[in-house]
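# Build me a model:
(2 chains)
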There are 2 protein chains.
Amino acid sequence: MPKLPPATPGMPLADVDTPALLIDLDAFERNLAKMADFVSKAGVRLRPHAKTHKSPVIGLKQMQLGAVGLCCQKVSEAEAMVEGGIPDVYVSNEVVGARKLDRLAALAHQARVMVAVDNEAAVEALGTAARKAGVTLRVLVEIDVGANRCGVPPGAPAVALATRVAREKGLTFAGLQSYQGRAQHLRTVAERRDAIGKAIQWTADTVGALGKAGLDCEVVGGAGTGTFEMEAASGVYNELQAGSYVFMDADYARNQKADGSRFDTFEHALFVYATIMSAPVPERAVVDAGLKAFTFESGMPEVVGWAGALYERPSDEHGGLNLVACNERPRLGDKILLVPPHCDPTVNLHDWYIGIRGMATASPRVEAIWPVAARGAVF
Amino acid sequence: MPKLPPATPGMPLADVDTPALLIDLDAFERNLAKMADFVSKAGVRLRPHAKTHKSPVIGLKQMQLGAVGLCCQKVSEAEAMVEGGIPDVYVSNEVVGARKLDRLAALAHQARVMVAVDNEAAVEALGTAARKAGVTLRVLVEIDVGANRCGVPPGAPAVALATRVAREKGLTFAGLQSYQGRAQHLRTVAERRDAIGKAIQWTADTVGALGKAGLDCEVVGGAGTGTFEMEAASGVYNELQAGSYVFMDADYARNQKADGSRFDTFEHALFVYATIMSAPVPERAVVDAGLKAFTFESGMPEVVGWAGALYERPSDEHGGLNLVACNERPRLGDKILLVPPHCDPTVNLHDWYIGIRGMATASPRVEAIWPVAARGAVF
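You can find the predicted model right below:
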């Protein structure tokens, strides 16, 4: 049964049922424009990651501003994007298993499809699926540039695998997937610069070695919201894959800029709206948003507008508000805005975005209601 | 768009697409029977918590074994249970906001409905909604017995609120909600006994004070999977609200029994099935289940059957397998079972249960496919 949204268009913000996943549309649009402007000036392409927003509505807005397509992390996520009108999807991840590969190949009848590989056996399986479906799949070879997750080592192993891809009927070698995920949340610019500097060097070396083997990289993809300016300036990367920039979360805001100040290149545009459901004592209240409204692997949500209030001790459907250092006293039924600790998996808990226009004005209203179309698309 | 299930009935386990949320039906049925037998012998009622499973199919199985109804944590969760045929639901939580109260009252036309309160203003709002709908709602007064979450203090404040409930047209005072959530995961029996001992005393005192005020408690509800035997033996509690016992998770398994051994009163019956999607080096592999297949506020998933293998470093759609202390070497495409750290919010990520019969045999097969009907029911 599809879940009904917690709001209707035109409704004042205060009437939105809770917990609800809100987008501050003004801040969100500024974030989209800022990144589009940045990549345009930097002379690189943007292929934003749909694992953040899981919404073809948002993906199409990104493409209207110049993005060349979307990254997805799973085949089912890519299917949801194509179903919503996105014409170019890249599964920036390894796809293993015949059922998934057949679906990926079938999708290439409807859209331009690209996928990552890091293993010879995977190349063979991918080629088989492509030939069976009668399509050609574009393939990036993933190299491990310090994240210690997937990927072959840079250099010779990458050249060997790329050669294998180029030889496989039904596949086209299109370049490198070179994402340093671990660097994104290193707190200082120096740490991030060090990690990305190594990634750039390994990537450049590999591009060079591939060139010597006669294999050109149409795409050299990577970068996230924490480091995109470094990859963009590298002269090696040509396609940025940042996702979180559309929303910004509490964890990214803990990154520092070069001068040590808080990373505020993008604005918080995503919030969970919650209601005070219990206020048993003056220094403590309880909100109706807990482990099923946020995920907590990156710390606690941040409370907006109640200076000194701390969110703590979440349980399934409760969150504690510690008000010891807060001069205000919430009343039962008051509603508050909370910044998610980590936007991607928090979005994945919700069925609807409620887009608010005029969040900073005296009369914020519901303008848009968009489904989180690829919520739960883990296959 | 409803998500398609990752399996079809009759399929061998090995063919189930991943990540998938599996139930070991044999272990699950033993867990249900064990708790049903326990409460029958203890002479208390069982009203299992649906926030664990979010499935009326499972709720009806619990009722067939004697449960008197289900607890729910949100109105929308209760709606999903009633829609699936559950005739008696209790929202064991404070409900705030006119929209939610109207829905709760409307539900009482379809099922027996009970709800918790901890505030006079909430009593008035609840009464208004009940009268508007032309129904009578049964109400438990929540007391704080050490969890420091919701609830009025035991004793006189509870009597005052209960008196207020009894006076409100459209409401019936039905007893006490007295759940010590913090005690559930205290690791030693001594710690749990200490915390629950206090909860029992406060509850008994309050029941006594209510009796003197002429207010009888038809229901004295509380208890979870970590402490239910203590509340059952108290002579005060008469309705147990355990939920996790149906599945058991890795966190509950870290509790100790009286002799210091691992809490194994119930069996692990819930698993996430995952595929090795990358195996870049012998001592490290990557599975396709990460922050969108589990929640991590209670630690890491446990790996089944690969002795020494540790799940670590989850990202959105990846999980690392540390194999340094494991003698086995997974191959690309191998599938593994993982025990969720915390069952309730993990279930809430998935759209389908895949019920497996004969998990311990040489030919486990898909027997049942049940929707997680109340997934995302946070309102």
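# Would you mind splitting chain A into its domains for me?
Following automatic domain parsing, one gets these domains for chain A: A:13-21+A:264-371, A:25-254.
# Quick check, A:Val207 in contact with A:Val236.
Yes: here A:Val207 lies in contact with A:Val236, judged by C-beta atoms under 8 Å, at a distance of 6.2 Å. Where C-beta positions appear, they are placed from N, C-alpha and C, glycine not excepted.
# what touches both of those two?
Common neighbours of A:Val207 and A:Val236, counting by C-beta atoms under 8 Å, 6 or more residues apart in numbering or on different chains, are A:Val220.
# JSON lines for the domains of chain A, including distance to chain B?
JSON lines is the format used below for the domains of chain A (distance: least, C-beta to the nearest C-beta, whole Å):
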{"stretch": "domain A:13-21+A:264-371", "distance to chain B": "4"}
{"stretch": "domain A:25-254", "distance to chain B": "4"}
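# Now mean neighbour count and mean pLDDT too, for these, in a markdown table please.
Listed next are the domains of chain A as a markdown table, based on neighbours: other C-beta atoms under 10 Å in any protein chain shown; pLDDT from 0 to 100:
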| stretch | mean neighbour count | mean pLDDT |
| --- | --- | --- |
| domain A:13-21+A:264-371 | 20 | 97 |
| domain A:25-254 | 21 | 98 |
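# Pull the residues that contact stretch A:127-139.
Here stretch A:127-139 has contacts from A:98, A:101-102, A:104-106, A:108-109, A:112-117, A:123, A:126, A:165, A:168-174, using C-beta under 8 Å, 6+ apart.
# can you check stretch A:156-174 too?
For stretch A:156-174, contacts defined as C-beta under 8 Å, 6+ apart pick out A:114, A:117-120, A:123-124, A:126-131, A:135-141, A:143, A:152, A:176, A:206, A:209-210, A:213, A:215, A:217-219.
# picking up where we left off before, will you turn the domains of chain A into a markdown table that also has distance to B:Ser55?
Listed next are the domains of chain A as a markdown table, based on distance: least, C-beta to C-beta, whole Å:
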| stretch | distance to B:Ser55 |
| --- | --- |
| domain A:13-21+A:264-371 | 15 |
| domain A:25-254 | 22 |
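# So for B:Gly226, which of the ones you listed sits nearest?
Counting by C-beta to C-beta, B:Gly226 lies closest to domain A:13-21+A:264-371 out of the domains of chain A; the figure is 13.5 Å.
# From the chain's centroid, how far away is the closest one?
20 Å (C-alpha atoms, centre = their mean, to the nearest Å).
# Quick one: name whatever helix or strand follows the strand or helix carrying A:Val139.
Applying DSSP states H and E as the criterion places A:Val139 in strand A:137-142. Counting by DSSP H and E, the next helix or strand C-terminal to strand A:137-142 is helix A:156-167.
# which ones are touching the nearest residue to A:Lys61 once chain neighbours are set aside?
Leaving aside its chain neighbours, A:Lys61 sits nearest to A:Leu32 (6.1 Å; criterion: C-beta to C-beta, 6 or more residues apart in numbering or on different chains). By C-beta under 8 Å, 6+ apart, A:Leu32 lies in contact with A:61-62, A:65, A:246.
# swap in A:Ala213?
For A:Ala213, the contacting residues are A:159, A:162-163, by C-beta under 8 Å, 6+ apart.
# all helices in the stretch 201-350 of chain A, in order from the N-terminus.
Secondary structure of the stretch 201-350 of chain A (DSSP state H, counting those that start in this stretch): helices at A:228-232, A:343-347.
# which non-adjacent residue is nearest A:Ala293?
Nearest residue to A:Ala293 in three dimensions, chain neighbours excluded: A:Pro19, at 4.1 Å (C-beta to C-beta, 6+ apart).
# That neighbour contacts A:Ala274, doesn't it?
Yes: proximity of A:Pro19 to A:Ala274 meets the contact threshold set by C-beta under 8 Å, at 5.3 Å.
# what do those two both touch?
With C-beta under 8 Å, 6+ apart, A:Pro19 and A:Ala274 have common neighbours A:288-289, A:293.
# Can you add distance to B:Ala307 and give the residues you listed back as TSV?
Shown next, in TSV, are the shared contacts of A:Pro19 and A:Ala274 (distance: C-beta to C-beta, whole Å):
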residue	distance to B:Ala307
A:Asp288	42
A:Ala289	39
A:Ala293	37
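# now, which of the residues you listed lie within strands?
Among the shared contacts of A:Pro19 and A:Ala274, no member falls in strands (DSSP state E).
# those helices in the stretch 1-150 of chain A, which residues are they?
Remark: helices assigned in the stretch 1-150 of chain A by DSSP H, counting those that start in this stretch are A:25-42, A:50-53, A:56-64, A:75-83, A:98-107, A:120-133.
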